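# Fold the following and give me the result.
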Amino acid sequence: MSSLEHLQTLTGHRDRVWSVAWSPNGEMLASCSGDKTVRIWEKRKDLEPSSSGQQQWHCTAVLEEGHTRTVRACSWSPSGRYLATASFDATTSIWEHQGGVWEQ
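Below is the predicted model:
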């Protein structure tokens with residue numbers, strides 16, 4: 001039987017995290033929260049894995065303009081260029097990743 005190993009805890013949201021979604025290529029992770037934000041996390045390319053072999057992840061973007069209430073869900077497009085987010089404010093936002101910048 002295989003086992004799971006805890007690699008890293010990602011911190012930064014100021015409220016409960018409701019959902020996470022891996023980008024199609026596995027290089028980014030989106031998390032959405034009750035703090036009305038979406039955070040984009042990426043592997044640090046400039047750091048070697050830690051002595052325990054852990055990848056180093058860091059927040060590269062905070063999407064905070066799209067919703068006025070809890071962001072409940074997030075999902076990547078198959079290409080990884082777009083991210084859809086859904087909120088308790090009765091809206092869905094589509095974000096586009098263009099050259100390292102996220103635009104709504």
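
# Centroid-nearest residue for the protein?
What sits nearest the mean C-alpha location of the chain, by CA atoms, centre = their mean, is A30, with 1.5 Å.

# Packing partners of the host helix or strand of that one?
Using DSSP states H and E, A30 sits within strand 28-33. Strand 28-33 sits against strand 17-22, strand 38-43, strand 71-76, with contacts defined as 3 or more CB pairs under 8 Å, 6 or more residues apart in numbering; DSSP states H and E. Backbone N, C-alpha and C define where each C-beta goes, glycine included.

# try 10 Å this time
Here strand 28-33 touches strand 17-22, strand 38-43, strand 57-63, strand 71-76, strand 82-87, going by 3 or more CB pairs under 10 Å, 6 or more residues apart in numbering; DSSP states H and E.

# which one of the ones you listed lies closest to V101?
Among the helices and strands packed on strand 28-33, the nearest to V101 by CB to CB is strand 57-63 (8.0 Å).

# Contacts for that closest one next, please.
7-13, 28-32, 35-44, 47, 71, 74, 83, 85, 93, 95, 97, 100-104 (CB atoms under 10 Å, 6 or more residues apart in numbering).

# Return the set of buried residues in that strand.
The neighbour-count check on strand 57-63 (16 or more other CB atoms under 10 Å) flags W57, A61, L63 as buried.

# what sits opposite the first one in the beta ladder?
Applying DSSP bridges to W57 yields these beta-bridge partners: K43.
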